[in-house]
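1. Okay, sequence plus prediction incoming.
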Amino acid sequence: MIARVEPLTTTRRLSGPFDYRVEGAVEVGALVRMPFGHQKLDGVVVGVAETTDVAPEKLVDVTSVRGDSIPRDLVDLALWMAEEYCSTPARALSLVSPPPGKAKTAFWAEATGVEGRVNASQEALLARLPGPAGGDLAALRRLEKRGLVAISSRVARRAPRTNPAADRLVDLSDAQAAALAAIEAAPGASHLLHGVTGSGKTEVYLRAAAEALERGEGVIALVPEIALTPQTVARFAARFGDTVALLHSALSEGERYDEWRRLRTGEARIAVGPRSAVFAPVSNLGLIVVDEEHDASYKHEGDPRYDARHVAAYRAYQTGARLLAGSATPRPETAHSTKRLVLPTRVAGGRDLPPVRVLDMRGSHHSLHPDTRRALGASRKSIVLLNRRGWSNFLSCKSCGKAWECPNCDVALVLHRAEHALACHHCGHRERVPSRCDVCGSLAVARHGAGTERVEAELRHALDVPVFRLDADTAANKDAVPELLARFAAAPEGLLLGTQMVAKGHDFPDVTLGVVLDADSTLRFPDFRAEERTFALIAQLAGRAGRGPRGGRVLVQTTSPDAPSIVAAAQHDSDGFLKGELERRRAWRYPPFSDLIRVVTSSLDDARPAHAAATRLAQEIVATDTELLGPAPLFRLRNRERFQLVLKTTARAEAIAATGAAVEAAARDRAFKDVNFSVDVDPT
């Protein structure tokens with residue numbers, strides 16, 4: 001048999017598939033090891049045939065065929081992704097391939113039912129069977145020789161650790177019941193569950209999943225980040241037990257492999273995890289849930305730069321599954337294109353959303369408004385959001401004006417006082433905090449702005465409750481986030497301070513105060529999604545407060561109190577915000593009224609190769625109804641000079657095909673051998 005194989009390499013300069021000879025039968029999705037030039041590579045069979053155009057003397061055999069394989073529908077999905085995201089089949093196939101590893105075996109013992117004389121310890125041993133042999137294997141072997149025990153080898157699961165959660169079926173509200181009925185009545189359809197925070201979206205997910213299992217279908221449930229959505233994960237595990245498999249990067253290699261294998265064999269029927277779980281090998285897929293669908297973490301930064309929400313939609317179309325996306329602050333793209341099912345009120349006792357007060361910080365030189373200080377002092381449990389970490393934004397010399405910048409990137413260094421270091425948040429460069437200016441010798445070094453580290457110090461000094469800081473600096477270790485959140489949840493009083501991490505899906509019923517500091521900071525980003533992100537951040541943080549019987553309130557500090565996104569968030573007016581945002585995007589032809597494609601070229605130290613490559617691409621990418629912007633320079637990143645092109649198009653497929661062809665041709669041109677090419681379809 002002839003196998004058409006895509007070698008799993010990262011280079012764009014290699015174009016497969018390649019024909020190999022295989023002894024015996026082989027299926028699409030098989031993982032093989034084969035000779036390739038002077039080396040051996042892993043590859044994926046993407047097609048099979050009985051004949052080939054390769055000359056017999058040049059046709060070689062695959063070295064081996066691995067026991068695990070990729071389901072056919074995931075091979076097709078990967079090949080679609082390679083085209084849709086202007087990547088390569090090999091890179092896309094790597095995403096759907098099984099994790100490295102192999103099954104772990106253990107001995108299992110069962111009593112045979114044969115009677116025999118045993119002592120007290122042997123009787124106790126027999127009483128606990130059937131079960132794993134564990135440290136009693138030698139004693140069990142002696143009983144096996146007497147015919148009293150049968151010992152066999154079984155696959156042992158390396159189970160991930162999950163936080164236990166209580167689970168009980170609750171009566172659905174009228175809105176929840178109507179939403180579930182609409183989902184069940186429309187096989188293969190897509191719905192947006194637009195519910196305010198605390199409206200019971202997760203219970204609708206669980207009921208829809210139960211209905212899918214009842215039909216014999218599998219389920220994928222996507223969450224933005226496992227560590228930041230522990231309640232959702234725990235509720236799925238509590239409701240469905242061992243039929244749930246967790247897939248995420250924090251698992252050990254063995255745990256990841258075992259969970260993947262349980263899904264591949266059908267032992268588990270529900271996959272729960274962040275964006276990569278969209279590739280779970282679930283057979284007879286009937287439902288895909290995308291929780292907190294507004295979250296930017298669903299976008300993958302590596303090549304291919306896929307959006308898990310878009311991939312989920314394609315996989316639902318591919319398999320005929322229902323697609324259910326949920327959010328209190330849905331993206332305008334989703335709200336515009338998907339049928340909405342609305343959950344307008346909270347389910348816990350019918351409590352209203354907390355009142356939001358906007359505090360004008362124009363003219364203030366302090367991190368905290370006086371009313372914020374008083375409110376924090378009176379609240380025993382609160383959450384404070386500041387979307388900027390570190391102590392100060394940047395340092396400058398008061399005498400000559402020098403600003404301390406990263407030597408590898410064209411950005412300012414951020415002060416981290418606890419580490420006595422200036423750090424680059426892009427490349428990780430670090431250097432000691434200066435005591436004087438190295439240009440003019442002045443001792444007058446000024447610190448500008450405030451981050452979570454500095455505000456933490458102020459709050460610890462001002463308040464008599466423990467402060468828990470959650471940001472990228474405190475969440476570096478594997479279990480740091482869930483442990484910190486668990487400590488905050490268990491504390492009778494405390495303040496959770498952090499970046500956008502603190503606004504993501506947490507359910508703390510005893511939090512009575514939410515505070516957003518410098519709420520308009522995201523409005524200053526040069527991004528057409530700045531209004532959307534600002535609205536979502538404030539609304540999501542506001543949703544963390546007032547979930548318990550004591551109610552709550554929210555304070556928003558800003559120097560732009562009249563900004564439409566801030567006004568709408570303060571009024572809990574999601575519909576009004578979406579209406580205005582869609583009108584603005586329609587006028588400027590931004591998504592969902594067009595599609596964007598971003599191409600970045602980069603070269604080390606010297607800008608000329610990257611600029612030449614970008615200029616060539618600008619000349620060669622031609623598509624109807626497409627506006628091309630650039631090439632324009634980007635800031636230097638990790639010593640690489642960068643240029644970008646942006647395509648704004650209403651002919652998506654044609655523009656993607658033209659971009660992919662132009663980039664592939666340029667990447668193979670030896671004139672650009674020192675240039676890296678990056679294509680981002682639907683950039684965020």
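-> Received it, and whenever you're ready, just let me know what you need. Numbering: from 1, shown residues only.
2. And the helix or strand harbouring Phe677, what's buried?
-> In the assignment (DSSP states H and E), Phe677 maps to strand 676-681. Under the neighbour-count criterion of 16 or more other Cβ atoms under 10 Å, strand 676-681 has Asn676, Phe677, Ser678, Val679, Asp680, Val681 buried. For the C-beta atoms, the positions are set from N, CA and C on the backbone; glycine is no exception.
3. Can you pick out the most distant pair from those residues?
-> Of all pairs drawn from the buried residues of strand 676-681, the greatest distance, 17.3 Å, lies between Asn676 and Val681 (Cβ to Cβ).
4. Thr52: neighbouring residues, count only.
-> 15 (other Cβ atoms under 10 Å).
5. picking up where we left off before, helices or strands up against the strand holding Phe677?
-> strand 595-604, helix 652-668 (3 or more Cβ pairs under 8 Å, 6 or more residues apart in numbering; DSSP states H and E).
6. how big is the angle separating the first one from strand 676-681?
-> The directions of strand 595-604 and strand 676-681 differ by 170 degrees, with axes from the mean of the first three to the mean of the last three Cα atoms, to 10 degrees as the criterion.
7. Repeat that for the last one.
-> In terms of direction (the same axes, to 10 degrees), helix 652-668 departs from strand 676-681 by 170 degrees.
8. ok, and what's touching helix 652-668?
-> 12-13, 15, 83-84, 86, 595, 597, 599, 613, 616-617, 620-624, 626, 647, 649, 672, 675, 677, 679, 681 (Cβ atoms under 8 Å, 6 or more residues apart in numbering).
9. For that helix, which residues meet the burial criterion?
-> Arg652, Ala655, Ile656, Ala658, Thr659, Gly660, Ala662, Val663, Glu664, Ala666, Ala667.
10. pLDDT (mean, whole number) over the helix or strand where Arg533 lies?
-> Here Arg533 sits within helix 530-542, counting by DSSP H and E. Mean pLDDT, helix 530-542: 91.
11. about what we covered before: same list (the helices and strands packed on strand 676-681) but as TSV, adding distance to Gly286 and mean pLDDT.
-> Shown next, in TSV, are these (distance: least, Cβ to Cβ, whole Å; pLDDT from 0 to 100):
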stretch	distance to Gly286	mean pLDDT
strand 595-604	29	96
helix 652-668	28	95
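12. Tell me which of the ones you listed lies nearest to Ala536.
-> So among the helices and strands packed on strand 676-681, strand 595-604 is nearest, using Cβ to Cβ, at 19.2 Å.
13. Can you name the secondary structure element that comes next after the closest one?
-> helix 607-620.
14. could you check the angle strand 595-604 makes with that following helix?
-> 150 degrees.
15. How far off centre is helix 607-620?
-> Taking Cα atoms, centre = their mean, to the nearest Å, the mean C-alpha location of helix 607-620 is offset from the chain mean by 32 Å.
16. residues of that helix that come out buried?
-> Those would be Ala607, Pro609, Ala610, His611, Ala612, Ala613, Ala614, Arg616, Leu617, Ala618, for helix 607-620 by 16+ other Cβ under 10 Å.
17. Now tell me what touches that helix from outside.
-> Outside helix 607-620, the residues that reach it (Cβ under 8 Å, 6+ apart) are 599, 601-603, 628, 630-631, 633, 640-645, 659, 662-663, 665-666, 671-672, 674-675, 677.
18. Which among those residues count as buried?
-> 599, 601-603, 628, 630-631, 640-645, 659, 662-663, 666, 672, 675, 677.
19. all strands for the stretch 501-650 of the chain, in order.
-> 513-516, 553-558, 595-604, 626-637, 640-649 (DSSP state E, counting those that start in this stretch).
20. sorry, back to before: what angle do the helix holding Arg533 and strand 553-558 make?
-> Using the same axes, to 10 degrees: helix 530-542 against strand 553-558 is 150 degrees.
21. Just the C-alpha atoms of helix 530-542, please, in PDB.
-> Below are the C-alpha coordinates for helix 530-542, written out as PDB (Å, rounded to 0.1, in the frame of the first residue of the first chain):
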ATOM      1  CA  ALA A 530     -10.400  48.900  22.600                       C
ATOM      2  CA  GLU A 531     -14.000  50.000  23.400                       C
ATOM      3  CA  GLU A 532     -15.100  46.300  23.400                       C
ATOM      4  CA  ARG A 533     -12.300  45.200  25.700                       C
ATOM      5  CA  THR A 534     -12.900  48.100  28.100                       C
ATOM      6  CA  PHE A 535     -16.600  47.400  28.300                       C
ATOM      7  CA  ALA A 536     -16.000  43.700  28.900                       C
ATOM      8  CA  LEU A 537     -13.400  44.200  31.500                       C
ATOM      9  CA  ILE A 538     -15.500  46.500  33.600                       C
ATOM     10  CA  ALA A 539     -18.700  44.500  33.100                       C
ATOM     11  CA  GLN A 540     -17.000  41.200  34.000                       C
ATOM     12  CA  LEU A 541     -15.400  42.600  37.100                       C
ATOM     13  CA  ALA A 542     -18.700  44.100  38.100                       C
END
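22. Can you name every helix or strand that that helix contacts?
-> By 3+ Cβ pairs under 8 Å, 6+ apart, helix 530-542 packs against strand 381-385, strand 513-516, strand 553-558, helix 564-570, helix 574-588.
23. Format the ones you listed as CSV; extra columns: distance to Asp303.
-> Shown next, in CSV, are the helices and strands packed on helix 530-542 (distance: least, Cβ to Cβ, whole Å):
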stretch, distance to Asp303
strand 381-385, 32
strand 513-516, 35
strand 553-558, 37
helix 564-570, 32
helix 574-588, 27
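24. mind checking which of those is nearest Ala490?
-> Nearest of those (Cβ to Cβ): strand 381-385, 11.3 Å.
25. Return the list of helices and strands in contact with the closest one.
-> helix 370-378, strand 494-498, strand 513-516, helix 530-542.
26. again, only this time at 10 Å
-> helix 370-378, helix 452-462, strand 467-470, helix 480-490, strand 494-498, strand 513-516, helix 530-542, strand 553-558 (3 or more Cβ pairs under 10 Å, 6 or more residues apart in numbering; DSSP states H and E).
27. so of those, which one's packed in deepest?
-> Mean neighbour count (mean count of other Cβ atoms under 10 Å) peaks for strand 513-516 among the helices and strands packed on strand 381-385, with a mean of 27.
28. Looking at strand pairing, list the partners for the closest residue to Thr372 other than its chain neighbours.
-> Ranked by Cβ to Cβ, 6 or more residues apart in numbering and with sequence neighbours excluded, the top spatial neighbour of Thr372 is Leu555, at 5.4 Å. With DSSP bridges applied, Leu555 shows beta-bridge pairing to Arg357, Val515.
29. isn't Leu555 right next to Asp360, touching?
-> No: in terms of Cβ atoms under 10 Å, Leu555 does not count as a neighbour of Asp360; the distance is 11.6 Å.
30. anything in contact with each of the two?
-> His369 (Cβ atoms under 10 Å, 6 or more residues apart in numbering).
31. Which parts of the stretch 201-350 of the chain are strands?
-> With DSSP E, counting those that start in this stretch as the criterion, the stretch 201-350 of the chain has strands spanning 218-222, 244-246, 270-273, 285-290, 322-327, 339-343.
32. Out of these, the one nearest Phe36 is which?
-> That would be strand 270-273 among these, by Cβ to Cβ, at 32.5 Å.
33. Can you give the distance of that closest one from its chain's centre?
-> Worked out by Cα atoms, centre = their mean, strand 270-273 lies 13 Å from the chain centre.
34. go on, stretch 392-407?
-> 34 Å.
35. Just the mean pLDDT for it, thanks.
-> 88.
36. domains in this protein, as residue ranges please.
-> 2-96, 174-343, 356-390+451-588, 394-448, 595-681 (automatic domain parsing).
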